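Engineer: please find the sequence and the predicted model below.
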Amino acid sequence: MAITRIVENGVQAKHAIEALEAQGYSREHIYIFAHYEKRSEDITKELHTEEVGLKEQGVVQAIKNIFTSRGDELRSQMQSVGLSESEAADAEEELDHGRLVIIASKDA
């Protein structure tokens, strides 16, 4: 089961990640999503969280994401770390408004 947090900025993301760690999630199981890839990479690197990769998506989906829109790619990645299709669509809408989505999953 995945836990999702919606935050406005990196400072709020840091606090949310610390709260998730207090609940028993390790940073290897916490993922940060932003609509813009560079922002996502920068915050992930700064806060030492995990990136969605082959382990989570699988090779076929990772290659497919190369040829899809950013929104489709984000929804696919969020599903690969534990969100349902509708939860991923809702979370992607939050990204469209400039927010960050944090997903913690012990199963990912």
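Structural biologist: Done, it's in.

Engineer: now do the buried residues in the helix or strand encompassing K45.
Structural biologist: When elements are assigned from DSSP states H and E, K45 belongs to helix 37-47. Within helix 37-47, the residues scored as buried using 16 or more other Cβ atoms under 10 Å are 39-40, 43-44, 47. In this view, the C-beta of every residue, glycine as well, is placed from N, C-alpha and C.

Engineer: list just the nearest of these to E56.
Structural biologist: Among the buried residues of helix 37-47, T44 lies closest to E56 (Cβ to Cβ), at 13.3 Å.

Engineer: which residues sit in contact with that closest one?
Structural biologist: For T44, the contacting residues are 31-32, 50-51, by Cβ atoms under 8 Å, 6 or more residues apart in numbering.

Engineer: next one: A88
Structural biologist: Going by Cβ under 8 Å, 6+ apart, the list of residues near A88 reads 74-76, 78-79.

Engineer: now render those residues as TSV, adding pLDDT and distance to L20.
Structural biologist: Putting the contacts of A88 into TSV (pLDDT from 0 to 100; distance: Cβ to Cβ, whole Å) gives the following:
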residue	pLDDT	distance to L20
L74	92	20
R75	94	22
S76	91	22
M78	94	16
Q79	94	19
